[in-house]
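> Return a 3D structure for these sequence lines:
(2 chains)
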Protein chains: 2
Amino acid sequence: MSESTSVNYPQEFKGFAINDPSKWDNPKLVSYEPKKFGPHDLDIEIECCGICASELFSLKNDWSDQPLACLSSSYGPKTQVVGHEIVGKIVAKGTDVTMYEVGQRVGLGAQAASCLKCSRCMNNNEQYCPHAVGTYCSRYEDGYVSQGGYASHVRALDHFCFPIPDSIESKFVGPLMCGGLTVYSPIKRNIEDVKGVPHVAIIGIGGLGHMAIMISKAMGATVTAFSRNYDKKEDALKMGADHFVATQLDKGWTEAYRDQFDLILNCASSTKYLPINDLLPCLKVNKRFISVGLPHKEEQLDLKPIQFFSNGCTIGSSKLGTRQEAIELLDLAAKHDIKPWIQEIPICEEGVHEGLTKLDKGDVKYRFVLTDFHRFFNTGK
Amino acid sequence: MSESTSVNYPQEFKGFAINDPSKWDNPKLVSYEPKKFGPHDLDIEIECCGICASELFSLKNDWSDQPLACLSSSYGPKTQVVGHEIVGKIVAKGTDVTMYEVGQRVGLGAQAASCLKCSRCMNNNEQYCPHAVGTYCSRYEDGYVSQGGYASHVRALDHFCFPIPDSIESKFVGPLMCGGLTVYSPIKRNIEDVKGVPHVAIIGIGGLGHMAIMISKAMGATVTAFSRNYDKKEDALKMGADHFVATQLDKGWTEAYRDQFDLILNCASSTKYLPINDLLPCLKVNKRFISVGLPHKEEQLDLKPIQFFSNGCTIGSSKLGTRQEAIELLDLAAKHDIKPWIQEIPICEEGVHEGLTKLDKGDVKYRFVLTDFHRFFNTGK
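Model prediction:
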């Protein structure tokens, strides 16, 4: 291990960062000051971290019309580390942390903090807290801009770090922390009151969709997977889908699936190329079409209000999940042996570059996980 | 009463009809053959009938890209009578009708039939039955095109005729049969599981909206009425609204109402001029923005998927209501003395013309009801 990648923790964290969105695909190793340590903070020494499509939008700055937040942080780095499917070991805890001990393995997803006092936080909807702080690219009240998990360490509020059942390997937990939780929450919220066996449609068999199939099945649903063509049919059935529809090749599927679904979960990162007119009639009365892939900020919905009238359905989105839902998901994953289909990439500059560029081309089956953090950063002692 | 307006029932019904959408505002008195009398049919001798905005769309043929359905009916008139807020007395019943007696007063709304066998009909969602037949402009399986309530009589399936509590005057019942039920159903479905006092936003204080305010209040909700300016403020408060927002004049209302509503019910007949970006954040987490005014078939939603992410809300529509909901609504109206704000127009050619043209200009407070049917048609003996 070269000296230069070792970390002088707790004075510094090290990670792969950019400061220019045009160079989104080539983060460089940097050393940076962590956020001030709060009484409910945990420091996690990172073991592995999934690569989420959110990173592409954030590094390219496609969700914002402002410059990268880190460039105007009041302290901390003027560079940006991403990554929010983090697994690691607690190496320090704030004075008021009672739920964890140093040494415990935890996961951290896309949210690192919230106020924990507002009506949303108090009603098990902390992912929608107006003061929510994302795990990266997000400004804390004290002016620090959060830094993510392609790094030696990460600092986050204890509430947003989740205990991991011993039976699940860390590399399989990573993708569950953002992608898995993001699909689990709307699946749970939309099928828990269904009488009988719920029927869930999963659109888009990629990073999110492949976990959505496995999670829906584990929750007892019948699952129909939708993809444009047959390329992913075999995989989708292996993941547990009961039925498969190739929307551009199969004929008559709108008729065949009319009035069938308790939920359509759109896991594609865009609604732009979806046959929404054909999909909405497949919902049962008053059910929801929920998108979990957050698209480009300028993307418009191509939709007419009259399309909702045949079944009183609604369309919208869902964002992440709560601590309670994360713990439920990890429990479900342990019980049903849910393992995201991953491709491991040992962390290093070339590895980060490879993961981001391949993901950008859709060349992944189905989730990259950056691994070997201990070796690279000379941690894990 | 002139002889010519009298009706030779049961051979004929008489009503005000068009056969050319360009003459939508000038229906003429016609005589026509009723649909074949089925074993579950009722004949209602009409006493009064509300004028609903649906009539404007239907007469102008704005919801369809086909010619008027009546022009290709296999039997019955080649002209079209509209009207679906009907109150009258049963004057004949089919051989299998057990729930009603001749002479009973009933109401009929916008739906005259459905299959009563499919999963939607069996699950208290008969308004979404794929074989639903509207009270007018809608083709029965036998090829007859349904004729509405600006008429001496109407024929409909017993299931879609509702018994009326004695304490409510017929003229106040009419508008409840379509408009009232159309708002009652989504209000009920979206607030019945709310813990505590639900908060409902009503957008558009017109025919639908004014009933939505009264109905929401009667159901125990806090109601905030939204209109473009202050013209209807006083009325809205009299109807029972707790708060009033003039969206184009008041400042800072998005902030003031952020995270407040369990339901936003859009009663405007278009989403086009609505400040949707400002309204959606006013919903609580995972709640719905529901439109009940069915817009022009070509109207597009001007909406970006990213707008749903702040609270996981969804947007969609709701269509009419069920028999059970209609009966609940009539019960609620009787208990809480709900009286739609109506302007009565005695039925006649000029009256129908006046009602339609004034409604088209929005010159109504808040619902026209055509009355005096017995005098005009020489019925009610």
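
> Give me the nearest residue to A:N19, chain neighbours excluded.
In this structure, A:N19 finds its nearest non-sequential neighbour in A:T79, 4.7 Å apart by C-beta to C-beta, 6 or more residues apart in numbering or on different chains. From N, CA and C alone the C-beta is placed, and that goes for glycine too.

> just checking, that neighbour touches A:A17?
Yes: A:T79 lies in contact with A:A17 (C-beta atoms under 8 Å); the separation is 3.7 Å.

> who's more crowded, the two?
A:A17 (25 against 22; other C-beta atoms under 10 Å in any protein chain shown).

> Check for me that that one belongs to a strand.
Yes: with DSSP: H, G, I helix; E, B strand; the rest coil as the criterion, A:A17 is assigned to a strand.

> Contact residues of the stretch 101-250 of chain A facing chain B?
Residues of the stretch 101-250 of chain A lying close to chain B by C-beta under 8 Å from any C-beta of the partner chain are A:119-120, A:123, A:125, A:128, A:130, A:186, A:189.

> ok, back up a step: identify the contacts common to A:T79 and A:A17.
Residues touching both A:T79 and A:A17 by C-beta atoms under 8 Å, 6 or more residues apart in numbering or on different chains: A:30, A:32.

> could you list every residue that touches A:H153?
Here A:H153 is in contact with A:7, A:9-10, A:13, A:34, A:43-46, A:88, A:91, A:379 (C-beta under 8 Å, 6+ apart).

> picking that back up, would you reformat the residues of the stretch 101-250 of chain A next to chain B as a markdown table and include secondary structure and distance to B:G83?
Formatted as a markdown table, those follow (DSSP: H, G, I helix; E, B strand; the rest coil; distance: C-beta to C-beta, whole Å):
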| residue | secondary structure | distance to B:G83 |
| --- | --- | --- |
| A:S119 | helix | 46 |
| A:R120 | helix | 46 |
| A:N123 | coil | 46 |
| A:N125 | coil | 45 |
| A:Y128 | helix | 45 |
| A:P130 | coil | 48 |
| A:P186 | helix | 42 |
| A:R189 | helix | 42 |
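
> Now restrict those to buried residues only.
A:120, A:125, A:128, A:186, A:189 (16 or more other C-beta atoms under 10 Å in any protein chain shown).

> The residue of the stretch 151-300 of chain A at minimum distance from chain B: helix or strand, and which one exactly?
Relative to chain B, the nearest point of the stretch 151-300 of chain A is A:V285 (4.4 Å; C-beta to the nearest C-beta). Taking DSSP states H and E as the definition, A:V285 sits inside strand A:283-291.

> Can I have the buried ones of the contacts of A:H153 as a ChimeraX selection?
Those of the contacts of A:H153 that count as buried under 16+ other C-beta under 10 Å are selected in ChimeraX with:
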select /A:7,9,13,34,43,44,45,46,88,379
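
> Narrow the contacts of A:H153 to those in strands?
Using DSSP state E, the members of the contacts of A:H153 that fall within strands are A:13, A:43-46, A:88, A:91.

> okay, these in JSON lines with pLDDT and distance to chain B next?
Below are the ones in strands among the contacts of A:H153 laid out as JSON lines (pLDDT from 0 to 100; distance: C-beta to the nearest C-beta, whole Å):
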{"residue": "A:F13", "pLDDT": "98", "distance to chain B": "29"}
{"residue": "A:D43", "pLDDT": "98", "distance to chain B": "29"}
{"residue": "A:I44", "pLDDT": "98", "distance to chain B": "26"}
{"residue": "A:E45", "pLDDT": "98", "distance to chain B": "31"}
{"residue": "A:I46", "pLDDT": "98", "distance to chain B": "27"}
{"residue": "A:G88", "pLDDT": "98", "distance to chain B": "28"}
{"residue": "A:V91", "pLDDT": "98", "distance to chain B": "33"}
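
> A:D278 in helix, strand or coil?
Classification of A:D278 using three-state DSSP returns helix.

> Just give the closest residue to it, not the sequence neighbours.
Using C-beta to C-beta, 6+ apart and skipping residues adjacent in sequence, the residue nearest A:D278 is A:T254, 4.4 Å away.

> I'd say that neighbour and A:L283 touch.
No: with contact defined as C-beta under 8 Å, A:T254 does not count as touching A:L283 (11.3 Å).

> With neighbour numbers in mind, choose between these two.
A direct count of neighbours by other C-beta under 10 Å for A:T254 and A:L283 places A:L283 higher, at 27 against 17.

> From what I see, the more buried one and A:G312 are in contact.
No: using C-beta under 8 Å, A:L283 makes no contact with A:G312, being 9.0 Å away.

> roughly how far apart are the closest residue to chain B within the stretch 101-250 of chain A and A:A113?
Proximity of the stretch 101-250 of chain A to chain B (C-beta to the nearest C-beta) peaks at A:N125, 4.4 Å away. Relative to A:A113, A:N125 is positioned 15 Å away (C-beta to C-beta, to the nearest Å).

> okay, and for the stretch 51-200 of chain A, where does confidence drop off?
By pLDDT under 70, the stretch 51-200 of chain A contains no weakly predicted segment.

> who are the neighbours in contact with A:L274?
A:203, A:266, A:268.

> Same list (those) but as CSV, adding neighbour count and secondary structure.
Output for those, formatted as CSV (neighbours: other C-beta atoms under 10 Å in any protein chain shown; DSSP: H, G, I helix; E, B strand; the rest coil):
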residue, neighbour count, secondary structure
A:I203, 28, strand
A:N266, 28, strand
A:A268, 21, coil
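
> Among the buried ones among the residues of the stretch 101-250 of chain A next to chain B, which pair sits farthest apart?
Comparing all pairs in those by C-beta to C-beta, the longest separation belongs to A:R120 and A:P186, at 16.3 Å.

> that older thread, just checking: what are the partner strands of the strand holding A:V285?
Looking at strand A:283-291 with DSSP bridges, its partner strands are strand A:261-266 (parallel), strand A:314-317 (parallel).

> what about the next helix or strand after the last one, average pLDDT?
Think strand A:314-317. Sequence-wise, the next helix or strand downstream of strand A:314-317 (DSSP H and E) is helix A:323-336. Across helix A:323-336, pLDDT averages out at 98.

> then helix A:323-336 to CSV, C-alphas only?
Taking C-alpha atoms only, helix A:323-336 is exported to CSV below (Å, rounded to 0.1, in the frame of the first residue of the first chain):
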residue,chain,number,x,y,z
ARG,A,323,-35.0,4.3,9.3
GLN,A,324,-37.8,2.0,10.3
GLU,A,325,-38.2,0.9,6.7
ALA,A,326,-34.4,0.4,6.3
ILE,A,327,-34.3,-1.9,9.4
GLU,A,328,-37.4,-3.8,8.0
LEU,A,329,-35.6,-4.2,4.7
LEU,A,330,-32.4,-5.5,6.2
ASP,A,331,-34.5,-8.0,8.2
LEU,A,332,-36.3,-9.1,5.1
ALA,A,333,-33.1,-9.4,3.2
ALA,A,334,-31.6,-11.6,6.0
LYS,A,335,-34.7,-13.8,6.2
HIS,A,336,-35.1,-14.3,2.4
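
> Quick one: mean pLDDT for the helix or strand just after that helix?
Using DSSP H and E, the helix or strand that follows helix A:323-336 towards the C-terminus is strand A:342-346. The predicted model gives strand A:342-346 an average pLDDT of 98.

> Tell me which strands strand A:342-346 pairs with, and in which orientation.
Here strand A:342-346 is paired, per DSSP bridges, with strand A:367-371 (parallel).

> Can you give the contact residues for the partner strand?
For strand A:367-371, contacts defined as C-beta under 8 Å, 6+ apart pick out A:47-51, A:83, A:85, A:150, A:171, A:174-175, A:179, A:207, A:210-211, A:340-347, A:351-352, A:355, A:358-359.
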